[in-house]
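Predicted model follows, preceded by the sequence.
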Amino acid sequence: MKAWRALLLLSVVLLSGCLVTFKDPIPAKDAAPASLLGQWSRIDEYGEEQILEVSRTSDGLYRAFSYYGNNGNTDSAEDLPFTVAHHGQRWYFSASLPKSEGGNYVLGGFEITDKDELVVYSVDVEAVLQAIDKAQLQGQKVDSQQGAGALIASPLEKVYAFLDDPANADAFGEALRFQRVPQGERQ
């Protein structure tokens with residue numbers, strides 16, 4: 001599995017093959033909720049188990065280590081550093097794309113539910129492109145092999161204001177849902 005595929009699976013900023021990217025990352029200054037750390041799993045669309053291990057690497061920096069299979073085989077493993085921010089009612093995360101994919105940053109949302117699930121949200125390309133057309137955000141349409149995408153040039157505070165506005169609630173969509181792996185069952 002290529003690193004960008006794992007990045008897209010994790011960050012799930014990929015929706016219908018289209019990607020929303022940002023020129024600036026989330027600064028590494030906020031601490032993620034302690035409940036984000038640990039091991040998570042889900043069954044993907046092909047019936048394979050995906051394991052996601054989230055850990056803290058240093059102040060404000062985190063690591064998502066993802067692999068397939070419950071036998072601990074990490075041959076397909078991908079390692080993704082990311083940062084987080086809490087703004088308004090949402091938690092956001094940001095990770096850099098490889099240079100071959102533009103070298104910008106993806107931004108997504110996440111929450112930990114009362115049922116101890118990790119829900120990852122993606123940013124909807126169409127909603128962002130409409131916001132650019134209406135001058136709510138600065139940026140441009142970007143065509144790629146996956147389809148039309150968007151590159152946002154607005155400062156993060158303006159992006160947060162747009163995403164936090166209840167009128168733009170449809171700008172986020174649920175993309176992945178993980179279950180926490182119980183302590184005794186961890187790899």
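Structure received.

how much distance is there from stretch 148-167 to the middle of the chain?
15 Å (Cα atoms, centre = their mean, to the nearest Å).

And the average pLDDT for it is what?
Mean pLDDT, stretch 148-167: 91.

how about the strands in this structure?
Remark: strands assigned in the chain by DSSP state E are 14-15, 18-22, 38-43, 49-58, 61-68, 78-87, 90-96, 105-112, 117-123, 139-144, 147-152, 172-180.

Run the angle between the second one and strand 147-152 for me.
Okay, so that is strand 18-22. 10 degrees (axes from the mean of the first three to the mean of the last three Cα atoms, to 10 degrees).

Paired strands for strand 18-22, with orientation please.
Here strand 18-22 is paired, per DSSP bridges, with strand 14-15 (antiparallel), strand 105-112 (antiparallel), strand 147-152 (parallel).

and if you look at the last one?
Paired strands of strand 172-180, with direction, are strand 38-43 (antiparallel), strand 117-123 (antiparallel) (DSSP bridges).

and it, how far out from the chain's middle?
With Cα atoms, centre = their mean, you get 10 Å for strand 172-180.

for the chain, what are the low-confidence residue spans?
1-18, 70-76, 100, 145-146, 184-187 (pLDDT under 70).
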